[in-house]
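[1] could you work out the structure for the sequence below:
(5 chains, ligands or ions: 4)
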Amino acid sequence: SNSETTSSSAGGTGLEKTTLVVGTIPVPDSAPLQVAIDRGFFKDEGLEVKPEVVAGGAVGVQKLLGGSIDLTLGAYIGTFLAQDKGAGKFKYVADSYGAAPGAFVIMVKKDSPIKTVADLKGKKIAVNTFQSVMQLTAEVQMKVAGVAATPDQFVEKPFPDMPAALENGQVDAAAMVEPFITVESKAGGRIITDEMTGPTEDLPVAGWFTTEDTANKYPKTMAAFQRALGKAQELVANDRKIVEETLPKYTKIDAATAAVISLGSYPTSLSETRLQRVIDLMKEYGYLKTDLDAKSMILPPPAS
Amino acid sequence: MTHVATHSVRSVIRALGRLWLVPVTLVVWEIATRSAAQPFFPPPSAILARMHEIWFSGPASHLLLTDKALDDFGPSLARLFGGWLAAAALGVLIGTAIGCSSRLADYLDPLIELGRAVPPPLLVPFFLALLKLGTPAQLATIVFGVIWPILLNTIDGTRGVDRQHLETARIFGFSTAQRLRQVILPAAMPKIFAGLRLALSLALILLVIAEIFGGTGGIGYQLLYAQRSYLYPDMWGCLVMLGLLGYLLNSAFLLLERRVLAWHRGARQTN
Amino acid sequence: MLEITELVHSYGSHRVLDGVSLSVAEGELVSVVGPSGCGKSTLLRSIAGLIRPSGGQILLGGRPVDQIPDNLAIVFQDYSRSLFPWMTAANNVALPLRRRGLDRRRRREAAMAALDQVGLADAGGKYPWEMSGGMQQRVSIARALAYRPSLLLMDEPFGSVDAQTREDLEDLVLRVCAHHGMTILLITHDIDESVYVGDRVIVLTRSPARVSADLKVDLGASRDQIATRQLDEFVRLRAEVGRLVRGGSTTATTVLEQH
Amino acid sequence: MLEITELVHSYGSHRVLDGVSLSVAEGELVSVVGPSGCGKSTLLRSIAGLIRPSGGQILLGGRPVDQIPDNLAIVFQDYSRSLFPWMTAANNVALPLRRRGLDRRRRREAAMAALDQVGLADAGGKYPWEMSGGMQQRVSIARALAYRPSLLLMDEPFGSVDAQTREDLEDLVLRVCAHHGMTILLITHDIDESVYVGDRVIVLTRSPARVSADLKVDLGASRDQIATRQLDEFVRLRAEVGRLVRGGSTTATTVLEQH
Amino acid sequence: MNHVRVLRGVVGAAGFAVAVEAVGLSGLVDERFLPRMSTILVGAAGLIVDPEFLADVVATLTAWALGLLLTVAVAVPAGLTLGALPAAERAVRPLIEFLRPIPSVAIIPLAILLFSDNLHLKLAVIVYASSWPVLINAIYGLRDVDPLAKETLRGFGFGPMSVLARVALPSAAPFIATGVRVASGIAIILTVSAELLAGGSEGIGIFITEAAGGNRIDLMLAATLWAGLFGVLSNAVLVAVERRLFRWHHARSEAAR
Ligand SMILES: Nc1ncnc2c1ncn2[C@@H]1O[C@H](COP(=O)(O)OP(=O)(O)OP(=O)(O)O)[C@@H](O)[C@H]1O
Ligand SMILES: Nc1ncnc2c1ncn2[C@@H]1O[C@H](COP(=O)(O)OP(=O)(O)OP(=O)(O)O)[C@@H](O)[C@H]1O
Ligand SMILES: [Mg+2]
Ligand SMILES: [Mg+2]
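    Ligands and ions are numbered 1, 2, ... in the order given. Okay, the predicted model is just below:
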């Protein structure tokens, strides 16, 4: 790891390590981290957190394993997949982002003949990453509507490219998040369905995780991180305004857009049962081969 | 008949002699990956087994290729060649024009330098936006990505033509077309070929990028899918396949080069 | 046909031609001699329109040379670099004939005939880099002759061939010149040769070059390697040119003969 | 010093040297003449170890030539290609002197002195492509002479210079040869020159080359451009070599003189 | 003379900008996906005073410059060796040809696992991808050396290393330099790609990732434009160096035009 490891001397807090390099993604999911940094929650714990942009959950996993970061934001599905395939052993340290109405939707362009989820049968659907929460939840919604999804109907496209892909007909539908939902809606795009309803209602989406090794090696540091982030998570969960103010600081979403977009939820605790839902869904849809135990992938929050 | 047979046996032996580094590398690779025992670096034996399963366990009538292989490689290779040939034609054309006219060079230089510093992946969305359909956009991506070495080497080659060759052509009143075809292009050809060879394997790379960012099939798509699913042997299988394709394409290219540049080898040989 | 007045050329600040004036009539063969590095090749390049002289005027057929004149051929001093290494000797010779509107077969015939004339009947299929220096030089002579230009500029064209071949080539050029009415300017370092082939011999001074003498060669139109070289006039001219090249002054006779 | 026996060389199936035998003693200057394309340059390259002949033997100082001999210098026929265009004339001449272990300043002095000897005192700072053909040729002669090789191979070294310079260079080579005891093999097309500079003249036949005559030149050690050329022996030898090059048979005398 | 060239370059670039603007105005492409040239230019101008972007630029250019230096240090000797020893070249050719077509999108994830330092990671992928043009051009350049020039030096008794250093290298150098210029373009691309694909804390690629997350296509293009401008600048520097070093080369071929 390139972050300096200092002994217990640091600030007398007894932390094994006072600097953490944390992978983030410039999307609303990571707002609490920015809030915690801005309000000095980490500093209060004797921690210095250096955020580093990672291009996606998979990169986060690799960077963790390569040792260039200590923690990262990552979608649960991707991490579970990685652990299932034996890439490494991971532990979630904190929850970050969960489903909320209007934050994860499937859209089509203005004049599309597609009206309902059932119409998506055999149609090309853009997802930001293969085997991601966007794809899984789309599959779930289609199954609920009585049509089967096939793997080859999904196309990987970065979110920013989705409006154009819809427009010129490369894909028929796209599973989108903010701020792109707002952008596409302005151009007349229609929402076919919310991805997070029915079986996927309130589904956990992303959290902060690290490798099992790191979690075991720096228990006090992790606890400090959990405490600081927990405070921010608490703030954010109860006041949308804080997110709106924070977004323009670490993303290129401007204040006006931030004020109107639909945000997900910011859960305040890591819940084993909630994560187990994700694992069960993944098993049901053939994403996982082995039995994963949600409990073993959670670093329990510090006893306060 | 036997003469032909011994001859071909000998040439096979010679070819094998040239490939000695391949088994050595494979063995080292196998040992290294086995002792590291990392899921990200599977040993070559596992990779080859996986490749066999995916692509080469088909019926003999299809040269052992599976349907998946035909699906993966057919369209990809067509795009690859299409893009490479288009880039070759454009690159040589523009490069010759620029190499012959310093005025044109002055006008276009900044644009070229600007263009070749732009990462092609960033442009894929715009090609898609402009060209709508998948294949033209993918071709555009490949052309845009691979044209630069051809262009720069062609410019260098045409600028470096021996002055006395040009003077001879002018004295005998060669038409512009003749001058290009009979003097400038042959003289620049060795350098153009270096560019074409660079561009060929670059075209494979750009094909992968185009498939990743724009399409829904082919090796690039396979590679991405394997990466996303943490299927490391599959991912490495794609890499090895790309390497093999690159090697084969390059070998074919060198055969062509031997024919076209026979004079050059003769003129430049030392005893 | 060719009228040069007060030609001046400098490479950068280095003056090479310092007011060269001379004229060549249609069908004439004029030899040019002068010390090494005095500016002969520069003069020839100017006439061919390959370099733009710094001053003075060159008129060809009454018109100023501002680009490369039509119907011109050159045998370059550096023959090895003027042959195209990607073509066989025959193709090197045949290529310019495209301008003559000949079809492929006729071009090939003409090329082979020209190669035959310079003693390379067998070497048509060879590439330049498979040939000896003298052979390359003869290919470039064959190329120029096959082209049948109205003005032929030759820069030390026989420097790399043996004595016998040299004589044969001299006679060949004389024949071709007479037969096709070519005008020829021939640069040479061989004083005997300059007199033997020339209708006139022009002597240039040491750099920067000026014309130091312009000698008429009165040896008649038909020349013979043995007979001509034994003529008193030949011996006298040879001595005269030799003295001039060595930097001697012109004698009274030659001054009279200058225009 | 140099002993060649039954040297054979073919390019592919094309036989060029067909059993050439000759020997050169230490300090001797041997001229080689022969028709264009007969194989002179090939012979020279074989001696220099640049090509591996197909057959026969070359002994240099008693040892077979299987790589490039030490203490050798060559003036190539195609001088313009053998100069390095990225270096000035002075640096071109100075470069080989590194092998002599001279320091920078001494190399430069030696180079300037050699350039001066060939009449290029002012041209040391010029690049090859800024020089006339004859000047380039003289640079490559200067390079070879400055190196002070024990064996010097020259392939038509004076072909591109004017008569006066040529004579000066001939005398320079004679002087240097005598003074430093160099052994020199000099290929030339100029019959007078072959006799004037040579201790012996070797005549090669038309391709494939064999030695058709090996003439001893009895003109004494010190030669003079005017006096020597007027000697009866000179005139006789010149005629003899001329006849031989033209393919005539050897006269009784020359047969006697052959070893 | 020199400002004529600059002027012409500006005219060419301006012409291009005007053409793209015209396309934008014509409504041929949706402005949502391809913003108008004027918008991009305004955005690009705005970035000059953005200290965050300037830090990104410094990070990217540092990686690029170091990467290019390393590339030259690695690939030129390798190319000379392979060019001078055809047998070695033949032996490693399968490996080289096998490695060349492996794309950066595949290399970067592996490099992430191997390098924990972002700069090292970038340098590794830059060297990997930009070495090929230098290597190949060196091999072809060495093949193009006049054999007589080599023989001249061999004739004077110089060994193979001296001939390589004193004849082969100088006469192949202009073509190798062209390879370096190709490599410099590839190096910029790889720096930005590594930032895009592997992330990090600073760099033009990071800026672009952030702009993409906010759907600011205009800023993405503005940053891309800057990357391109650095390409132009670096090339101008390299060309100036070439013109100085290889005056002999240009003087020999240019006079005829
Ligand atoms: N490209 C050039 N740049 C600078 N100087 C040049 C160039 N070409 C020739 N010169 C100079 O011009 C002078 C005349 O050169 P030119 O080639 O005309 O001589 P020449 O009479 O043909 O000599 P030679 O008989 O040796 O071929 C020489 O001093 C030479 O150094
Ligand atoms: N590289 C080569 N490949 C094939 N044939 C060659 C090669 N070099 C020379 N030859 C042939 O070998 C013969 C002898 O060539 P060489 O250069 O030795 O002649 P030379 O006596 O030096 O002639 P010149 O006086 O014209 O220079 C020629 O017929 C030529 O065609
Ligand atoms: Mg000249
Ligand atoms: Mg020869």
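[2] for whatever residue of chain A ends up closest to ligand 2, which non-adjacent residue is closest in space?
    Ranked by C-beta to the nearest ligand atom, the top residue of chain A for proximity to ligand 2 is A:Gly66, at 56.5 Å. Yep, even glycine has a C-beta here, placed from its N, CA and C like the rest. Counting by C-beta to C-beta, 6 or more residues apart in numbering or on different chains, A:Gly66 lies nearest to E:Leu113, which is 4.4 Å off, once chain neighbours are set aside.
[3] what of E:Arg36?
    E:Arg36 sits nearest to E:Gly24 (C-beta to C-beta, 6+ apart), 3.8 Å away.
[4] what's the distance between that neighbour and B:Leu131?
    Distance, E:Gly24 to B:Leu131, using C-beta to C-beta, to the nearest Å: 16 Å.
[5] looking at chain B, which helix or strand is least sure?
    Between all helices and strands in chain B, the lowest mean by mean pLDDT, DSSP states H and E belongs to helix B:2-18, at a mean of 71.
[6] now it, how far from the centre of its chain.
    28 Å (C-alpha atoms, centre = their mean, to the nearest Å).
[7] where exactly do the helices run in the stretch 1-150 of chain C?
    Using DSSP state H, counting those that start in this stretch, the helices of the stretch 1-150 of chain C run over residues C:40-47, C:79-82, C:89-94, C:104-117, C:133-147.
[8] tell me which parts of chain C are close to chain D?
    Contact residues, chain C versus chain D (C-beta under 8 Å from any C-beta of the partner chain): C:11, C:33-37, C:40-41, C:77-78, C:80-81, C:119, C:130-135, C:138, C:155-156, C:159-166, C:189-191, C:242, C:245-247.
[9] in chain A, which helix has the most residues?
    helix A:219-238 (DSSP state H).
[10] just give the number of residues close to A:Ala148.
    10 (other C-beta atoms under 10 Å in any protein chain shown).
[11] my error: substitute B:Pro121 in the last question.
    23.
[12] repeat that for C:Trp129.
    17.
[13] list the contacts for the closest residue to it other than its chain neighbours?
    Nearest residue to C:Trp129, sequence neighbours excluded (C-beta to C-beta, 6+ apart): B:Ala267, at 4.3 Å. Contact analysis of B:Ala267 by C-beta atoms under 8 Å, 6 or more residues apart in numbering or on different chains lists C:85, C:127-129.
[14] before we move on, back to that, what about the residue nearest to E:Arg36, how many neighbours?
    For E:Gly24, using other C-beta under 10 Å, the count is 19.
[15] got a list of what it touches?
    E:31, E:34-38.
[16] check the gap between it and chain D for me.
    49 Å (C-beta to the nearest C-beta, to the nearest Å).
[17] likewise A:Asp293?
    Per C-beta to the nearest C-beta, A:Asp293 is found 72 Å from chain D.
[18] again with C:Pro69
    Taken as C-beta to the nearest C-beta, the span from C:Pro69 to chain D is 23 Å.
[19] look up how far chain E lies from that residue.
    Counting by C-beta to the nearest C-beta, the gap from C:Pro69 to chain E is 17 Å.
[20] which residue is the nearest non-sequential neighbour of that residue?
    Using C-beta to C-beta, 6+ apart, the closest residue to C:Pro69 is C:Leu60 (5.2 Å).
[21] who does that neighbour bridge with?
    Beta-bridge partners for C:Leu60, by DSSP bridges, are C:Leu2, C:Arg63.
[22] what is the burial count for it?
    Neighbours around C:Leu60, by other C-beta under 10 Å: 22.
[23] test my guess that it contacts C:Leu2.
    Yes: with contact defined as C-beta atoms under 8 Å, C:Leu60 counts as touching C:Leu2 (5.6 Å).
[24] surely B:Gly173 and C:Pro69 touch.
    No: using C-beta under 8 Å, B:Gly173 is not in contact with C:Pro69; the gap is 9.1 Å.
[25] follow-up on the earlier one: in the longest helix of chain A, which residues are buried?
    Residues of helix A:219-238 classed as buried by neighbour count (16 or more other C-beta atoms under 10 Å in any protein chain shown): A:220-233, A:235-237.
[26] try stretch E:233-244
    Those would be E:234-236, E:238, E:242, for stretch E:233-244 by 16+ other C-beta under 10 Å.
[27] the residues you listed into JSON lines, with extra columns for pLDDT and distance to D:Leu151?
    Below are these laid out as JSON lines (pLDDT from 0 to 100; distance: C-beta to C-beta, whole Å):
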{"residue": "E:Ser234", "pLDDT": "87", "distance to D:Leu151": "51"}
{"residue": "E:Asn235", "pLDDT": "86", "distance to D:Leu151": "50"}
{"residue": "E:Ala236", "pLDDT": "87", "distance to D:Leu151": "51"}
{"residue": "E:Leu238", "pLDDT": "88", "distance to D:Leu151": "45"}
{"residue": "E:Glu242", "pLDDT": "87", "distance to D:Leu151": "40"}
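[28] residue ranges of the strands in the chain, please?
    I'll assume chain A. A:19-24, A:48-53, A:71-75, A:90-98, A:105-108, A:125-127, A:154-156, A:173-176, A:190-194, A:204-211 (DSSP state E).
[29] wait, I meant chain C there
    For chain C, the strands defined by DSSP E occupy C:2-11, C:14-24, C:29-33, C:55-60, C:63-64, C:72-75, C:151-155, C:183-187, C:200-204, C:211-216.
[30] ok, and for the fourth one, which residues are buried?
    If you call a residue buried by 16+ other C-beta under 10 Å, then strand C:55-60 has these buried ones: C:56, C:58, C:60.
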